[in-house]
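K.L.:
prediction below, plus the sequence it came from.
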Amino acid sequence: MLPTVARVLDLDVMRRGLPDVVAGADHLERPVRWVHVSELPDVAGVLQGGELVLTTGIALPEQREGLARYVHELADVGAAGLVVEFGRRYFDSLPRALVNAAEQRGLPLIALRRELRFVAVTEAVHALVVNAQLEQLRTSEAVHQVFNELAVEGAEPAEVVRQVAQLAGAPVVLENLAHQVLAHESAGRPEAELLEGWEARSRGVRPPGRTGHDPRSGWLVTAVGARGQDWGRLVLIGGPGALPEGTAHPHAMMLERGAATLALNRLVVRDRESLERQTHRTLLSGILTHALTVSEVALRAQALGVPLEGRRLVGVVLRQRRGAVPAALEAQARLRDFTELAATAIRGCRLSALVGALDDEGVGMLIALGSQQDEHAALEAFAAALRKLVADGARDAAAPPPEPVVAVGSSVGSVRDARRTLLEATQVADAALHDAPGGRAAAYYRLPDVRLRGLLHLLRDDERLQTYVERELGPLLAYDAEHGGQLVRMLRIYLEQGRNKSAAADAAHLSRPSFYDRLHKVERILGVDLDQVESCLSLHVALLALDAVRR
């Protein structure tokens, strides 16, 4: 950073001249870019701004108007200050016109009460300036190196934001154009203090230019985007107060470099999920894994524009029934598109929700309902909107995608219970995904809807259920495996047809004698009587449990 007028006055070589600030004492933080020695009354014409002018005043005008004009010209060109040495023209005091004009324009005016060798002053100050410039070059090189590595590695936005905050030693926030927080790093500051009321505070900060400093709030803000399309702002939170006149913010270059890295990475990974969806996914994951506290969840969701406090929260999990297994990249793209469809449906229904991918196959949502919103109506409207979007997007497809499964958990009244409703929705989704074809056609599933299949799916990892399956069906499964038979399938068809042998034979595409023969073989292998209701009920439960265990 360039030395200031105050720093120059503190140099040993300047102290020897007994410097006395006679005007502009409130502007000593102006940066000094160079030192210029001149006795010319029109020296302003050769200055570029930021110079500290040294003079004996021997050629300054006599008249008050001339002295005032001299000061005004220096101020207009952006001079850092004026130093006048006593002993040639002035001895005890400077002209009142000179002092008044400097005070009026805020130009530091310093009187040297003892003679100095000006060349010693210029050498000392220029050494500071050159060192500062070298330090700036080193800093710039280090910053470019850091962000080049982040760009090459395809770092996540949160990592870029964290790096900017670490380099600046101050909190940094990445927001979208709706002033919703996408990523942040508090740099040791309380998170609640940083994010509380973020949208309202952010909307009030509109510094001019693409990168600008707001002295009232102390925020340094730069736009984030590329190719003429901005999609967010990167904000560095500093203390309030104006910068010294003619001084660029010391972190402006670094913040712009961080914004450029964010914009570049978005272009490179634009085929992946959007930054907003990533942020929602991170928050949902934090709820499910206990990685975030209740207060952190509420605060971050509020900053995202999804208030959770004082709302009824409903966990929803969406899955698509499996067709042919797609390639990995195709599956990722399909899940990304499905997630965006869910977010679009939420917006279309004017609902407030966190929406993000839960795993490789499903989308999770936490819907926040107001006290006047009807839960059933809201869920039905969302399910209908989602199915319409899926259908509209499949019009040109060779084969329409399977209809999505919408699973809903029990509503809860606090953020503390959000995990419970999400977990319940996940369990319902898993059970409903494997429900028998031709099942219910309602808008969405809840725990009572999946009934016995849902219960068995919840118990699928229980060793007792697995033991039950083996006890009931083990010999038949072993026989099919050894002989390549389909007796398990024959048993399933018989039970699904309500123990109607004629209907079951038709469903199996077999003659009645052939089908009856297979049933007799099942009875012999398992040692059961298929005419007994309890035996058939036990076997049917075992078949449903087998489906749950296998999946």
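P.N.:
Yep, it's here.
K.L.:
for this structure, which segments count as strands?
P.N.:
In the chain, the strands defined using DSSP state E lie at 19-23, 34-37, 51-55, 81-85, 109-112, 172-176, 181-185, 211-214, 219-226, 229-237, 312-320, 352-357, 362-369, 404-408.
K.L.:
residues in contact with the third one?
P.N.:
Think strand 51-55. If you take Cβ atoms under 8 Å, 6 or more residues apart in numbering as the criterion, strand 51-55 is touched by 5, 8, 32-39, 43, 47, 74, 79-85, 118, 121-122, 125. C-beta coordinates here come from the backbone N, C-alpha and C atoms, glycine included.
K.L.:
one more time with 7 Å
P.N.:
Contacting residues not belonging to strand 51-55 are listed as 5, 8, 32-39, 43, 74, 79-84, 118, 121, 125 [Cβ atoms under 7 Å, 6 or more residues apart in numbering].
K.L.:
now the buried members of those residues.
P.N.:
Those of the contacts of strand 51-55 that meet the buried threshold are 5, 8, 32-36, 43, 74, 79-84, 118, 121, 125, by 16 or more other Cβ atoms under 10 Å.
K.L.:
quick one: His540 from Thr222, how far?
P.N.:
Distance, His540 to Thr222, using Cβ to Cβ, to the nearest Å: 65 Å.
K.L.:
can you pick out the residue with more neighbours from those two?
P.N.:
Per other Cβ atoms under 10 Å, whichever of His540 and Thr222 has more neighbours is Thr222, with 24 against 18.
K.L.:
partners of that one in the sheet?
P.N.:
Note on Thr222: beta-bridge partners by DSSP bridges are Thr211, Leu234.
K.L.:
what sits against it?
P.N.:
So Thr222 contacts 210-211, 233-234, 255-256, 259 (Cβ under 7 Å, 6+ apart).
K.L.:
at 6 Å what do you get?
P.N.:
With contact set as Cβ atoms under 6 Å, 6 or more residues apart in numbering, Thr222 has these partners: 211, 234, 255-256, 259.
K.L.:
including neighbour count, could those residues go into a markdown table?
P.N.:
Formatted as a markdown table, the contacts of Thr222 follow (neighbours: other Cβ atoms under 10 Å):
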| residue | neighbour count |
| --- | --- |
| Thr211 | 18 |
| Leu234 | 27 |
| Leu255 | 23 |
| Glu256 | 19 |
| Ala259 | 26 |
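K.L.:
centroid residue for this structure?
P.N.:
Per Cα atoms, centre = their mean, the C-alpha nearest to the average position across the chain is that of Leu182, at 2.7 Å.
K.L.:
isn't that one right up against Thr279?
P.N.:
Yes. The pair Leu182 / Thr279 is scored as a contact, 5.0 Å apart, by Cβ atoms under 6 Å.
K.L.:
can you pull out the helices in the stretch 101-250 of the chain?
P.N.:
Ranges of helices within the stretch 101-250 of the chain are 118-153, 157-168, 191-195, 198-203, based on DSSP state H, counting those that start in this stretch.
K.L.:
which other helices and strands contact the helix or strand bottoming out on mean pLDDT in the chain?
P.N.:
Using mean pLDDT, DSSP states H and E, helix 447-458 stands out as the lowest-scoring helix or strand of the chain, at a mean of 77. Contact partners of helix 447-458 among helices and strands, from 3 or more Cβ pairs under 6 Å, 6 or more residues apart in numbering; DSSP states H and E: helix 418-433, helix 533-550.
K.L.:
could you pull up the mean pLDDT of the longest one?
P.N.:
In this model, helix 533-550 carries a mean pLDDT of 89.
K.L.:
what do you get for stretch 147-167?
P.N.:
Averaging pLDDT along stretch 147-167 gives 86.
K.L.:
hey, C-alpha coordinates of that stretch in CSV?
P.N.:
Taking C-alpha atoms only, stretch 147-167 is exported to CSV below (Å, rounded to 0.1, in the frame of the first residue of the first chain):
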residue,chain,number,x,y,z
PHE,A,147,-7.3,-18.1,-7.9
ASN,A,148,-5.7,-19.6,-11.0
GLU,A,149,-5.3,-22.9,-9.0
LEU,A,150,-8.9,-22.6,-7.8
ALA,A,151,-10.1,-22.1,-11.4
VAL,A,152,-8.1,-25.0,-12.7
GLU,A,153,-9.3,-27.3,-10.0
GLY,A,154,-12.9,-26.4,-10.5
ALA,A,155,-13.3,-25.3,-6.9
GLU,A,156,-16.8,-25.1,-5.5
PRO,A,157,-18.1,-21.6,-4.9
ALA,A,158,-17.9,-22.1,-1.1
GLU,A,159,-14.2,-22.7,-1.4
VAL,A,160,-13.6,-19.6,-3.6
VAL,A,161,-15.6,-17.5,-1.0
ARG,A,162,-13.6,-19.0,1.8
GLN,A,163,-10.3,-18.2,0.1
VAL,A,164,-11.3,-14.6,-0.5
ALA,A,165,-12.3,-14.2,3.2
GLN,A,166,-9.0,-15.8,4.3
LEU,A,167,-6.9,-13.4,2.1
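K.L.:
could you list the buried residues of stretch 413-431?
P.N.:
In stretch 413-431, counting by 16+ other Cβ under 10 Å, buried: 415, 417-419, 421-422, 424-431.
K.L.:
check stretch 212-226 too.
P.N.:
212-214, 217-225.
K.L.:
pull the contacting residues for Val164.
P.N.:
172, 258.
K.L.:
go again with 10 Å.
P.N.:
Val164 sits next to 143, 146-147, 150, 170-172, 174, 185, 187, 234, 236, 251, 254-255, 257-259, 261-262 when contact means Cβ atoms under 10 Å, 6 or more residues apart in numbering.
K.L.:
Gln180 too?
P.N.:
By Cβ under 10 Å, 6+ apart, the residues touching Gln180 are 198-199, 202, 232, 276, 279, 302-306.
K.L.:
shaky segments in the chain?
P.N.:
Where the chain drops to pLDDT under 70, the residues are 135-136, 139, 227, 244-247, 268-273, 322-330, 394-402, 434-442, 551.
K.L.:
how's it carved up into domains?
P.N.:
The chain breaks down into these domains under automatic domain parsing: 5-126, 154-268, 276-447, 463-550.
K.L.:
how far off centre is the third one?
P.N.:
Put plainly, it is domain 276-447. Centroid separation for domain 276-447 versus its chain: 19 Å, with Cα atoms, centre = their mean, to the nearest Å.
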